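Engineer: Sequence plus predicted model, see below.
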Amino acid sequence: MSETDLKNLKPSKLERIFQLKSFAIVISILTLFCGIIAVVMGTIRLVKSILILLGLHQGLAGIYLIEAVDTYLFSLVILVLGGGIFKLFEGNENTFKDSAIFSKINGFMHLKILLWETILLTLTVWCALNFFVDSHNLQYEQLILPISILLLSLALKFIKGKNH
């Protein structure tokens, strides 16, 4: 485009080029789909745990149960991300107004903190799962993840500041 063509472009045409709403909707829908798949995977693990408890399947019921919880928490991270992207790019103040989680999202910082908290919870459950799975072979390298969780928690505390 020449310089005169750029000057003749109305601001509305440029705004349409840089609008991310259509991409945000597609990303939100695909993220929602991934979250639903993760919920189904968690449900499969939960059913396996129940079958083991009933004696209809072989394995460790506790491991499958913790894996189910971990998968559900991971799916929660994915669903929160999808809903947050939708609210930030497509929604307004009244979008998800009845939701305790999404009603507080007003910008990327709020979404980032919400995701950070959810990921910390997921990492904590995953760390506990690793200790249950490898309880017979504990080594000092397994302390890397709990120390990382502690450092991420401290960083979150500093990011939130005194307001939270």
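Structural biologist: In hand now; what should we look at?
Engineer: quick one: secondary structure of residue 55?
Structural biologist: Put simply, residue 55 is coil when judged by DSSP: H, G, I helix; E, B strand; the rest coil.
Engineer: can I get the CA coordinates of stretch 143-159 in PDB?
Structural biologist: Taking C-alpha atoms only, stretch 143-159 is exported to PDB below (Å, rounded to 0.1, in the frame of the first residue of the first chain):
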ATOM      1  CA  LEU A 143      12.100 -32.100  46.200                       C
ATOM      2  CA  ILE A 144      12.600 -29.900  43.100                       C
ATOM      3  CA  LEU A 145       8.800 -29.800  42.400                       C
ATOM      4  CA  PRO A 146       7.700 -28.900  45.900                       C
ATOM      5  CA  ILE A 147      10.400 -26.200  46.100                       C
ATOM      6  CA  SER A 148       9.300 -24.900  42.700                       C
ATOM      7  CA  ILE A 149       5.700 -24.800  44.000                       C
ATOM      8  CA  LEU A 150       6.800 -22.900  47.100                       C
ATOM      9  CA  LEU A 151       8.700 -20.300  44.900                       C
ATOM     10  CA  LEU A 152       5.800 -19.900  42.600                       C
ATOM     11  CA  SER A 153       3.500 -19.400  45.600                       C
ATOM     12  CA  LEU A 154       5.800 -16.700  47.000                       C
ATOM     13  CA  ALA A 155       6.000 -15.000  43.600                       C
ATOM     14  CA  LEU A 156       2.200 -15.000  43.400                       C
ATOM     15  CA  LYS A 157       2.000 -13.500  46.800                       C
ATOM     16  CA  PHE A 158       4.400 -10.700  45.700                       C
ATOM     17  CA  ILE A 159       2.500 -10.100  42.400                       C
END
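Engineer: Show me how far that stretch is from its chain's centre.
Structural biologist: Relative to its parent chain, stretch 143-159 has a centroid offset of 17 Å by C-alpha atoms, centre = their mean, to the nearest Å.
Engineer: Check which residues of it are buried.
Structural biologist: By 16 or more other C-beta atoms under 10 Å, the buried positions in stretch 143-159 come out as 145, 149, 156. To be clear about C-beta, it is placed using only N, CA and C from the backbone, and glycine gets the same treatment.
Engineer: quick one: low-confidence parts of the protein?
Structural biologist: For the chain, the stretches flagged by pLDDT under 70 are 1-20, 134-135, 138, 162-164.
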